[in-house]
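Peer 1: the amino acid sequence is not available; the structure is as follows:
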């Protein structure tokens, strides 16, 4: 006899298939899928969806931004895994309904009148008693009372047998609509999920996969392989239409790019209108459009507003947002390095979001070899900001630090002064600070900085200043340089002073004038000392004098400004004399700069001003601070908005959503199902009538309910009272 390995048991394939279907149709599996969807939806609520990748990198860091992006958390509701889970939930819930509906319907049709008499003793609500009436009279009265109360009932006449004695079993039921709630609620989940699948990106992604479509990136021209069919049954796309133009090409944004979605008609934007409140905040967006239908050869005008969409040929057109439609702006270059007039045109004309221009190399000096590309990216006519924060901080500074030197620009905290009024928790002072232009200067390596300059001066701290903003990346906020406006409300007075500060000959002449004007006539040696001190102060402030560290190496302080003066004092002045020396050097600097300012006015043919006038002193104080901070300005030219020809564009969301009605039906069924399950109680009542042999009737009754509540107790007490009448407690308790 040889040993042989026993064959392992393998369940038949039909058994595995049945187990899989059992799992798929089980309630616990559907609840697990629903839990995953709820968690994913919560993540989609916390993590902003559809943002530029640079925003996620700035928020989470490069490593986690890539990890979360690989998981599809930036577009959860259109990610493949979310749609697959949604599809499994549909299948699971549908199987669950198919599995339980026959049992529910069978239970709905039966009255369960075959229940045994002794089984009534097991119910929580039960009672028994003795009535002097005959069985037929009691049956007639009970049936009549229950029918009037809305009970559906069925009677069963029983003969004496081994199963029990002879009698009549009356089975009644009420609230059977509770069972409809189960079917309606689960059917609603299926319908809502199906509507979400139809109206989501599932159909678009299936078409892209089956037709091998190639998404295109922003800025690239779409090709035929990027074009969906005009008969696409479901989509949600963006349509960009400038004023005076018409198009039928919408775009659908996917993970890897965009697909072109042609519309069955063309949309022409006649006019875009924005109405504003007195504070400058917009209150109404409206687009006057004309829909041109080539098939019917008709043109129909419509007005699209926020929350007032237009539906045409099964496509719904929503007012999503508005952008610049290619406005023409004329920018005036203000050169900050010297006063030498540059060649070329006085104004630079460009189109918003149009082709990039090139700034001449001599405009930029050593800042950009080979020139820079100019890309105008935005024109805003209305800029509403909350100026209450800036005013309150200024008042606090003047009260807490009397005589403190409040800087004209704060490159790290300027956002506190110009934060959005919608986010400010304090009192709001919404002010329209006028038009602004936004542009980028891109160097030969492709690196770009973004600039935002306002057209008119803004009242900050009680003085008019021009705001010149700059930021290195879109994830940052703008850092604003505050340039004081002159008596003509122009930036030209400060620009002339900035140009003169960068001119060596003018600095020398200003230092000489300061020495001659400040020293007594009988002390020529003091005049020479003041001239030398003024020359050094101007050279340090302008950045022309290279700083050295104590070890002889170049100083870390670059570009001049007040920081250069501070570094100079720390290096050459003993600590106990620095405060006095700083005050003296600042007075020399202010006096020298005033002489420089007088020289620029004289060259421009303007009258002289007196240094003791309050408005002149305020202008010079802000000018000194702006000159110091301008050392951090990346380029030596400012492109100020001179004039413009505005052209608006509307951004519409165009949707074809066949699943919308399915979702509406699902919502209705969900409401019906929830109310049926929560507010309708199914009750079943059994009443057993038996002849007691003396002309009377023995009665036994029981009530069953889906939920045991005080209402159930009260209802059973009424039924017992109506059926048995005034019986004692022993009989009622049975």
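Peer 2: Thanks, I have the structure now. Remember, it's a predicted structure, so these values are computed and weren't measured experimentally. Residues are numbered from 1 along each chain as shown.
Peer 1: name the spans of the chain whose pLDDT lies under the cut-off.
Peer 2: The model of the chain has pLDDT under 70 over residues 1-14, 163, 218-223, 279-280, 338-345, 365-370, 387-428, 546-559, 726-734.
Peer 1: how far away from the center of its chain is the longest strand belonging to it?
Peer 2: When the chain is parsed with DSSP state E, its longest strand is strand 257-276. In this view, strand 257-276 has its centroid 22 Å away from the chain centroid, taken as CA atoms, centre = their mean, to the nearest Å.
Peer 1: could you give me the buried positions within that strand?
Peer 2: For strand 257-276, burial by neighbour count (16 or more other CB atoms under 10 Å) applies to 257-263, 265-269, 272. Backbone N, C-alpha and C define where each C-beta goes, glycine included.
Peer 1: go on, stretch 90-100?
Peer 2: Using 16+ other CB under 10 Å as the burial criterion, the residues of stretch 90-100 that qualify are 90, 92-97.
Peer 1: out of these, which sit inside helices?
Peer 2: Of the positions in the buried residues of stretch 90-100, 90, 92-97 sit in helices, assigned by DSSP state H.
Peer 1: what's the end-to-end length of stretch 113-120?
Peer 2: The separation between the terminal residues of stretch 113-120, taken as CA to CA, to the nearest Å, is 12 Å.
Peer 1: nope, stretch 113-132 is what I was after
Peer 2: Taking CA to CA, the span from the opening residue of stretch 113-132 to its closing residue is 25 Å.
Peer 1: how many neighbours does residue 296 have?
Peer 2: 10 (other CB atoms under 10 Å).
Peer 1: tell me who's in contact with the nearest residue to residue 89 once chain neighbours are set aside.
Peer 2: Spatial nearest neighbour of residue 89, excluding adjacent residues (CB to CB, 6 or more residues apart in numbering): residue 33 at 4.4 Å. When contacts are counted by CB atoms under 8 Å, 6 or more residues apart in numbering, residue 33 touches 85, 88-89, 92.
Peer 1: picking that back up, so which of the buried residues of stretch 90-100 comes closest to residue 542?
Peer 2: Taking CB to CB as the measure, residue 542 lies nearest residue 90 of the buried residues of stretch 90-100, at 72.2 Å.
Peer 1: if I look at the nearest residue to that closest one once chain neighbours are set aside, how far off is residue 356?
Peer 2: Beyond its immediate neighbours in the sequence, the residue positioned closest to residue 90 (CB to CB, 6+ apart) is residue 193, lying 4.7 Å away. Distance, residue 193 to residue 356, using CB to CB, to the nearest Å: 47 Å.
Peer 1: if you count what's nearby, which of the two comes out ahead?
Peer 2: When residue 193 and residue 356 are compared for neighbours, residue 193 comes out ahead with 26 against 13, by other CB under 10 Å.
Peer 1: which ones are touching the more buried one?
Peer 2: With CB under 8 Å, 6+ apart, residue 193 has these contacts: 86-87, 89-90, 93.
Peer 1: turn the buried residues of stretch 90-100 into JSON lines, including distance to residue 349.
Peer 2: JSON lines is the format used below for the buried residues of stretch 90-100 (distance: CB to CB, whole Å):
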{"residue": "90", "distance to residue 349": "57"}
{"residue": "92", "distance to residue 349": "63"}
{"residue": "93", "distance to residue 349": "62"}
{"residue": "94", "distance to residue 349": "63"}
{"residue": "95", "distance to residue 349": "67"}
{"residue": "96", "distance to residue 349": "67"}
{"residue": "97", "distance to residue 349": "67"}
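Peer 1: check which helices and strands the host helix or strand of residue 629 is in contact with.
Peer 2: Counting by DSSP states H and E, the secondary-structure element that holds residue 629 is helix 614-630. Taking 3 or more CB pairs under 8 Å, 6 or more residues apart in numbering; DSSP states H and E as the contact definition, the neighbouring helices and strands of helix 614-630 are strand 463-471, strand 479-484, helix 492-501, helix 562-572, helix 578-603.
Peer 1: now do the third one and helix 578-603, the angle between them.
Peer 2: Interaxial angle of helix 492-501 relative to helix 578-603 (axes from the mean of the first three to the mean of the last three CA atoms, to 10 degrees): 110 degrees.
Peer 1: flag every buried residue along helix 492-501.
Peer 2: Of the residues in helix 492-501, those with enough neighbours to count as buried (16+ other CB under 10 Å) are 493-501.
Peer 1: I'd like to know which of those is nearest to residue 573.
Peer 2: Taking those together and measuring to residue 573 by CB to CB, the closest member is residue 501, at 23.6 Å.
Peer 1: out of everything not next to it in sequence, what's closest to the closest one?
Peer 2: Nearest non-adjacent residue to residue 501, counting by CB to CB, 6+ apart: residue 542, 4.8 Å away.
Peer 1: same check on residue 147?
Peer 2: With sequence-adjacent residues excluded and distances taken as CB to CB, 6+ apart, residue 147 is closest to residue 153, at 7.1 Å.
Peer 1: what's opposite that neighbour in the beta bridge?
Peer 2: residue 172 (DSSP bridges).
Peer 1: now do the same contact list for it.
Peer 2: Going by CB under 8 Å, 6+ apart, residue 153 touches 111, 143, 146-147, 170-173.
Peer 1: adding neighbour count and distance to residue 286, write the residues you listed out as JSON lines.
Peer 2: Compiled in JSON lines, those are given as follows (neighbours: other CB atoms under 10 Å; distance: CB to CB, whole Å):
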{"residue": "111", "neighbour count": "19", "distance to residue 286": "63"}
{"residue": "143", "neighbour count": "16", "distance to residue 286": "67"}
{"residue": "146", "neighbour count": "20", "distance to residue 286": "63"}
{"residue": "147", "neighbour count": "12", "distance to residue 286": "62"}
{"residue": "170", "neighbour count": "23", "distance to residue 286": "69"}
{"residue": "171", "neighbour count": "20", "distance to residue 286": "65"}
{"residue": "172", "neighbour count": "24", "distance to residue 286": "62"}
{"residue": "173", "neighbour count": "19", "distance to residue 286": "58"}
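Peer 1: between the residues you listed, which sits nearest residue 335?
Peer 2: Proximity to residue 335 was ranked across those by CB to CB; first place goes to residue 173, at 92.5 Å.
Peer 1: which helix or strand contains the closest residue to the closest one other than its chain neighbours?
Peer 2: For residue 173, ignoring the flanking residues on the chain, the nearest one in space by CB to CB, 6+ apart is residue 684 at 5.0 Å. Following DSSP H and E, one finds residue 684 within strand 683-691.
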